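Participant: kindly return the folded structure for what I paste below:
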Amino acid sequence: MAYAGLVRLLLTSDTHLPLRAKRLPDQLLAELPRADVVLHAGDWVDEATLDLLESRSRRLIGVYGNNDGPGLRARLPEIARADLGGLRFGVIHETGPAQGREARCAARFPDLDVLVFGHSHIPWDSAAPGGLRLLNPGSPTDRRRQPDCTYLTATVADGALAEVTLHRLPPRRPAP
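Facilitator: Next comes the predicted model:
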């Protein structure tokens, strides 16, 4: 399915439910109805999260990650591709070490304009030589060595990526 005009995107990854949190943050869930397309870059861990995002998203593009078992791997590809608003998107879980990432991804994905990835839980926004944009939304449930849990929103308009915004989530409160 190709999109023309303005396309609103929600990017997330590494949800790790229910291991890192019991549920997705309310702020992230509130973004779902505003997004035309939700992109999830793997490490769902449970199929219930996939079911939830499929039921609440207009369109979901997701891949499996290294922590996803046979059920998720049967339902999701390792790499997903989509034409959104005139840009060629790819989604993958892991891209390898940060050192050399731009050149490595540009060589591996010469047919893409934007590559969304996860795995590190570290937000990332860079451009490779030749223009490939690399985006990692971090994790909305496991901040790892980062100050905050995060996700990204963006828009695609007239074949250009715009309004790429990193959203920092408030700390989770312990269950009573």
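
Participant: surely Leu10 is in a strand?
Facilitator: Yes: going by DSSP: H, G, I helix; E, B strand; the rest coil, the assignment for Leu10 places it inside a strand.

Participant: beta-bridge partners for the residue lying closest to Asp113 once chain neighbours are set aside, please?
Facilitator: Nearest-residue entry for Asp113: Leu87, 4.3 Å, with adjacent residues in sequence omitted and distances by C-beta to C-beta, 6 or more residues apart in numbering. (Each C-beta comes from the backbone N, C-alpha and C, glycine too.) Per DSSP bridges, residues listed as beta-bridge partners of Leu87: Leu84.

Participant: for the one 5 residues further on, same thing?
Facilitator: Assessed by DSSP bridges, Ile92 has beta-bridge partners Ile79.

Participant: residue contacts, it?
Facilitator: The neighbourhood of Ile92, defined by C-beta atoms under 8 Å, 6 or more residues apart in numbering, consists of 41-42, 63, 78-80, 115-117.

Participant: just Ser120 next, same as before
Facilitator: Contact criterion C-beta under 8 Å, 6+ apart gives 98, 136, 144 as the residues in contact with Ser120.

Participant: now a PyMOL select for only the buried ones of the residues you listed.
Facilitator: In PyMOL, selecting the buried portion of these, with burial taken from 16 or more other C-beta atoms under 10 Å, looks like this:
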select buried, resi 136
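
Participant: tell me who's in contact with the nearest residue to Asp111 once chain neighbours are set aside.
Facilitator: The shortest distance from Asp111 to any residue other than its chain neighbours is 6.2 Å, reached at Arg88 (C-beta to C-beta, 6+ apart). With contact set as C-beta under 8 Å, 6+ apart, Arg88 has these partners: 81-82, 111-114.

Participant: so which of those is the closest to Ala48?
Facilitator: Ala82 (24.0 Å; C-beta to C-beta).

Participant: the closest one reaches Val37, doesn't it?
Facilitator: Yes: at 7.5 Å, Ala82 and Val37 qualify as touching, with contact defined as C-beta atoms under 8 Å.

Participant: which parts of the helix of greatest length in the chain are buried?
Facilitator: Among the elements of the chain assigned as helix by DSSP state H, the one spanning the most residues is helix 47-56. For helix 47-56, the neighbour count (16+ other C-beta under 10 Å) marks 49-50, 52-53 as buried.

Participant: please apply the same query to stretch 106-125.
Facilitator: Going by 16+ other C-beta under 10 Å, stretch 106-125 has these buried residues: 106, 109, 112-124.

Participant: tell me where the chain has strands.
Facilitator: For the chain, the strands identified by DSSP state E occupy 7-12, 37-40, 60-62, 79-84, 87-92, 114-116, 124-127, 133-136, 149-157, 160-169, in order along the chain.
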